[in-house]
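Student: 3D, please:
(chains A and B)
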Amino acid sequence: MTLPALQQLLQDVGGVDAVGVEERVAKYATRSIKKESKVFGLKLAASMVDLTTLEGQDTPGKVASLCQKALHPHHLGETPRVAAVCVYPSMVRHAKPLVEGSGIKVASVATAFPSGQAPLATRLAEVRAAVQDGADEIDMVINRGAFLSGELNLVADEIAQVVEACGESTLKVILEVSELGTYDHIRAASFLAMRTIRPGDFIKTSTGKTSGNATLANNQVMLDAIRDHYLATGIEIGMKPAGGIKTAKQALHFLVAVKETLGDAWLTNSRYRFGASSLLNDLLRQLETQRTGSYQAPWSFTENAGSY
Amino acid sequence: MSLTITKTPKCYVGGKFIRSESGRIYPIHRSNGEFFANIPLCTRKDLRNAVEAAAKAGSGWAARSPYNRAQILYRLAEMIEARRSEMQDALKLHGASTKDASTEVQATLDRIVHFAGWADKFEQILGSVNPVASSHFNFTITEPVGIVGILAPEDSPLLALMTLVLPAITAGNSVIAMVSKGAPYPAILLGEMLATSDLPGGVVNLLTGDRADTLPTFASHEHLRALSAVADAAEAKVLQEGAAESVKKVVLHDPDTDWFSDSHDSPYGIRSLTEAKTVWHPIGN
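Tutor: From the prediction side, this is the model:
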């Protein structure tokens, strides 16, 4: 008897011990990170931020101010620049000239973000257009409808075609974990994506547009999947939690998870990113608190476009 | 035989009852030396968290109509009135006589009702229409400063605390108060009454513990916009230096202050916890 595709994949990659994962991630929040290690963590987290604005009300002006924030996070201190700015495809051509040569990448969501509910040809055309406009990174959403109805080959094929459309650009595959339902599904979808994408590409938790966002637990399930995939194949896949990570404290907990699951090799912005916007200001605030010894008011930091 | 249910006193912060994030506690005893309870020993991180809570609640409270603030303050008096004997027992626990406890609760109630009355009237006294030599209608109104840090004295643990808190919240500020260390239980009870008073959670936050732990943070935290403190000379110096660095107002009160004095009913106590805004409005010629 042949098993349904999803069950077959799960049997292959193994399921997730939900209670175990939740207990393990609860411990991460108890690590005491102080002084130099805290400053190190905060700076590292800042260097991993994909500074994001994904709103219907985005304008070229708003994207320009986001890019300014990315280039000059704060007027004092030695704050590292963020990894990338993340915008809608139509904004790529406005963002690109502003950050060109700074080392900051332009990431663009594509493939009918956030739902992914558009014909494949349209989604691929969107990717190609973004790449042509200068996007260094593409954040795609998987076809959750197909995944949940068991058409795994279709999901994998679509990812493969997006890989092709990306050309030189890095790909981040958004699983939208809140719509997958269970940790088992998250693990299965992680493997499905990782087996299709190239070394150095990313898997990403969420769009930030649904009720559920990145949590330590679903981050952990995906990190475990990356580790298992790496141990089996030697292929290094990056990870990007997105949505709901607003405070420096949360970011440090996520970094603890990376350090304790994948080790130092993943503690770099070519392997780990935060999809966030308000997080950056909280990181800056905590860095200034560490530098000056006194707690800072939020108005000491420039606003940037508010999204997730 | 019935089981004794002992109460865990907790601080009222952000509308919730919390323990210190540090988990630290200190014991308090009845005046006869018998152990009464463990009280949270709050840290600068608890203060920081309280500031975040106060910031969240602040804008909503400042936007309430003065009339509504009056109603809510009056409601607080109602809540204390309903639990008057419990509050008196809390004061007696720390050594007050029955008569003194009763007097202090009564004075506190009177003061709350008094400030409830001021809530929609102080603007008439503190604001002004200013004569100017040009064709402008020039007037000054007050605005709350934002978050006010309060350091309450050891004595009169209820009356002194409320005397410092009332001008601040009447003006639309939110507050974080470090309460009496030796006699914290009335403030713990007050938190429970605040929670049922319609005052939005986070407008008044009460921390217990050693003020030496948090004093430098009260002084230096940028987000606190004013301090109203009963402090000795050495503490005052720390507060003023930190306040100079972070540009905040400091209102110092003498440790020998008579908290029962009617002088505390004056609306001018409110003025030092507000910012004056002056408007030049053009009017023809």
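Student: Kindly provide the distance from the spatially closest residue to residue B:25 that is not a sequence neighbour to residue B:87.
Tutor: Spatial nearest neighbour of residue B:25, excluding adjacent residues (C-beta to C-beta, 6 or more residues apart in numbering or on different chains): residue B:38 at 4.0 Å. C-beta: built from backbone N, CA, C; applies to glycine. For residue B:38, the distance to residue B:87 equals 21 Å [C-beta to C-beta, to the nearest Å].
Student: Please apply the same query to residue B:47.
Tutor: For residue B:47, the distance to residue B:87 (C-beta to C-beta) stands at 26 Å.
Student: swap in residue B:149?
Tutor: Separation of residue B:149 from residue B:87 (C-beta to C-beta) stands at 25 Å.
Student: before we move on, what about residue B:56?
Tutor: For residue B:56 relative to residue B:87 (C-beta to C-beta), the value is 28 Å.
Student: sorry, back to before: so between residue B:38 and residue B:87, which is more surrounded?
Tutor: Neighbour count, other C-beta atoms under 10 Å in any protein chain shown: between residue B:38 and residue B:87, residue B:87 has more, with 24 against 15.
Student: contacting residues for the residue nearest to the more buried one when sequence neighbours are not counted?
Tutor: Closest residue to residue B:87 apart from its sequence neighbours, by C-beta to C-beta, 6+ apart: residue B:105 at 5.2 Å. Shown in contact with residue B:105 (C-beta atoms under 8 Å, 6 or more residues apart in numbering or on different chains): B:80, B:84, B:87-88, B:91, B:158.
Student: Just the buried ones from those residues?
Tutor: B:80, B:87-88, B:91, B:158 (16 or more other C-beta atoms under 10 Å in any protein chain shown).
Student: Among those residues, which pair sits farthest apart?
Tutor: Using C-beta to C-beta, those span at most 12.1 Å, a distance reached by B:80 and B:91.
Student: and the most centrally placed residue in chain B, what are its phi and psi?
Tutor: Chain B has residue B:165 as the residue nearest its centroid, 2.5 Å off, counting by C-alpha atoms, centre = their mean. Residue B:165 adopts backbone torsions of phi -70, psi -40, taken as degrees, to the nearest 10.
Student: so it touches residue B:204, yeah?
Tutor: Yes. Between residue B:165 and residue B:204 there is a contact under C-beta atoms under 8 Å: 6.1 Å.
Student: and for those two, which residues touch both?
Tutor: Between them, residue B:165 and residue B:204 share the contacting residues B:175, B:177, judged by C-beta under 8 Å, 6+ apart.
Student: before we move on, back to that, helix, strand, or coil at the residue nearest to residue B:87?
Tutor: Classification of residue B:105 using DSSP: H, G, I helix; E, B strand; the rest coil returns helix.
Student: For it, give its distance to chain A.
Tutor: Taking C-beta to the nearest C-beta, to the nearest Å as the measure, residue B:105 falls 35 Å from chain A.
Student: what are the ranges of the helices in chain B?
Tutor: Counting by DSSP state H, chain B has helices at residues B:44-63, B:66-82, B:84-93, B:98-118, B:122-126, B:159-170, B:185-195, B:211-220, B:233-246, B:268-271.
Student: so can I have TSV of those helices showing mean pLDDT?
Tutor: Below are those laid out as TSV (pLDDT from 0 to 100):
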stretch	mean pLDDT
helix B:44-63	96
helix B:66-82	97
helix B:84-93	96
helix B:98-118	98
helix B:122-126	96
helix B:159-170	98
helix B:185-195	97
helix B:211-220	96
helix B:233-246	96
helix B:268-271	94
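Student: Pick the most buried one from the ones you listed.
Tutor: helix B:159-170 (a mean of 26; mean count of other C-beta atoms under 10 Å in any protein chain shown).
Student: contacting residues for the residue in the stretch 1-150 of chain B positioned nearest to chain A?
Tutor: The nearest approach of the stretch 1-150 of chain B to chain A comes at residue B:48, 5.6 Å away (C-beta to the nearest C-beta). Contacts for residue B:48 (C-beta under 8 Å, 6+ apart) come out as A:295, B:217, B:221.
Student: residues from the stretch 151-285 of chain B in reach of chain A?
Tutor: Within the stretch 151-285 of chain B, the positions near chain A by C-beta under 8 Å from any C-beta of the partner chain are B:217, B:220-223, B:242, B:245-246.
Student: State the pLDDT value of residue A:306.
Tutor: Residue A:306 is assigned a predicted lDDT (pLDDT) of 46.
Student: Go through chain A and flag its longest helix.
Tutor: Assigned via DSSP H, chain A shows its longest helix as helix A:216-233.
Student: Could you list every helix and strand in contact with that helix?
Tutor: When contacts are defined as 3 or more C-beta pairs under 8 Å, 6 or more residues apart in numbering or on different chains; DSSP states H and E, helix A:216-233 packs onto helix A:18-28, helix A:183-194, strand A:202-204, strand A:238-240, helix A:248-261.
Student: between the buried ones among the contacts of residue B:105, which is nearest residue B:11?
Tutor: Nearest member of the buried ones among the contacts of residue B:105 to residue B:11, counting by C-beta to C-beta, is residue B:158, at 15.7 Å.
Student: Many thanks, I have nothing further to ask.
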